[in-house]
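Colleague: structure, please.
(one chain, ligands or ions: 1)
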Amino acid sequence: MSDHNKQKVVELRDVRRSFSQGDVRIDVLKGVNLDIRSNEIVALLGPSGSGKSTLLQAIGLLEGGFEGSIKLAGEETAHMSASGHTRIRRELLGFVYQFHHLLPDFSAKENVVMPQLIAGTGKADAEVRAEALLTSLGLDQRLDHKPSKLSGGEQQRVAVARALANAPKLVLADEPTGNLDEATADIVLAELMSLVREEGSAALIATHNERLASKMDRVVRLHEGVLD
Ligand SMILES: Nc1ncnc2c1ncn2[C@@H]1O[C@H](COP(=O)(O)OP(=O)(O)OP(=O)(O)O)[C@@H](O)[C@H]1O
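Modeller: Presented below is the predicted three-dimensional model:
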């Protein structure tokens, strides 16, 4: 299949977002256009405060208040109900954040099982999938550990496995290795990318790190409210 014919997972047209603080209005996104095709891993760069997290929240349907068109896997989400957004998040999207946000009272495996149960997968199948994902991230000896008993890199690997648990078409990652030392960040990012590729997903990964960004398929830069 040529690139041209590959399905677009993300199509943003003229996406805008402003915030008001008292009398001051900040225009953060001023007309963002972006296409991401299936299997593409895209780095989102931009200075602190340029709106990277805001853009990920728009695509992740995590907040309202956006103008413009946000199509995910061909579906326009702009005027959908909250339950429509919840369905799309569950069926299409996986999230990784800078901090792992794992459930502290549950094991690594249970943290990866949980989103699958919520999506309707049976327990036995969910456990098999969780073990396979965690094993592919080198955590086969850590399945029953609680997050507090894992290193920072291991915690982020569990978060990566959780993000991929429901086979999302798109992984949205906001500084996924920003909390790790450089060597660990490189390894975890490489693992995230290879798992995204194996699973046939696409990814949009916000980072400050030019070196890590250069390893991705494409780099887009947020600058003064638009993508270069
Ligand atoms: N809920 C909010 N209310 C008011 N202003 C906000 C809100 N969320 C974000 N902003 C403002 O929007 C701008 C962009 O923030 P955002 O977090 O998207 O930037 P970023 O590029 O992700 O930054 P960083 O790299 O530091 O994480 C900032 O000026 C921020 O203060």
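
Colleague: host element of the closest residue to residue 108 other than its chain neighbours?
Modeller: Excluding its sequence neighbours, the residue lying closest to residue 108 (Cβ to Cβ, 6 or more residues apart in numbering) is residue 158, at 4.7 Å. Where you see a C-beta, it was placed from the backbone N, CA and C, and this is true even at glycine. Per DSSP states H and E, residue 158 falls inside helix 152-164.

Colleague: show me what that helix is packed up against.
Modeller: strand 93-96, helix 108-118, helix 123-136, strand 170-174, helix 182-198 (3 or more Cβ pairs under 8 Å, 6 or more residues apart in numbering; DSSP states H and E).

Colleague: quick one: mean pLDDT for that helix?
Modeller: Model confidence over helix 152-164, given as mean pLDDT, is 95.

Colleague: about what we covered before: I'd guessed the residue nearest to residue 108 sits against residue 111; true?
Modeller: Yes - Residue 158 sits in contact with residue 111 when judged by Cβ atoms under 8 Å, with a separation of 5.7 Å.

Colleague: sorry, back to before: residue 123 versus the residue nearest to residue 108, what's the distance?
Modeller: Using Cβ to Cβ, to the nearest Å, residue 158 is found at 19 Å from residue 123.

Colleague: the residue nearest in space to the middle of the chain and residue 97: what is the separation?
Modeller: Centroid-nearest residue in the chain: residue 172, 1.6 Å away (criterion: Cα atoms, centre = their mean). Distance of residue 172 to residue 97, computed by Cβ to Cβ: 9 Å.

Colleague: now residue 13, nearest residue through space, not along the chain?
Modeller: residue 69 is the one closest to residue 13 (Cβ to Cβ, 6+ apart), at 4.2 Å.

Colleague: for the one you found, what are its contacts?
Modeller: 11-15, 76, 78 (Cβ atoms under 8 Å, 6 or more residues apart in numbering).

Colleague: what do you get for residue 39?
Modeller: Per Cβ under 8 Å, 6+ apart, neighbours of residue 39: 6, 197, 200-202.

Colleague: show the model's pLDDT score for it.
Modeller: 91.

Colleague: can you name the element that comes right after the lowest-mean-pLDDT helix or strand in the chain?
Modeller: In the chain, the helix or strand scored least confidently by mean pLDDT, DSSP states H and E is helix 210-213, which has a mean of 89. Proceeding N to C from helix 210-213, the next assigned helix or strand is strand 218-223, under DSSP H and E.

Colleague: where's that next one relative to the chain centroid, distance-wise?
Modeller: Its chain's average C-alpha position is 16 Å from that of strand 218-223, according to Cα atoms, centre = their mean, to the nearest Å.

Colleague: and it, what's buried?
Modeller: Within strand 218-223, the residues that count as buried by 16 or more other Cβ atoms under 10 Å are 220, 222.

Colleague: just checking, what packs against the helix or strand following that strand?
Modeller: Counting by DSSP H and E, the element after strand 218-223 in chain order, helix or strand, is strand 226-227. Counting contacts by 3+ Cβ pairs under 8 Å, 6+ apart, strand 226-227 packs against strand 24-37.

Colleague: report whether the strand it packs on contacts the ligand.
Modeller: Yes - part of strand 24-37 sits near the ligand under the criterion Cβ under 6 Å from any ligand atom, namely 26, 28.
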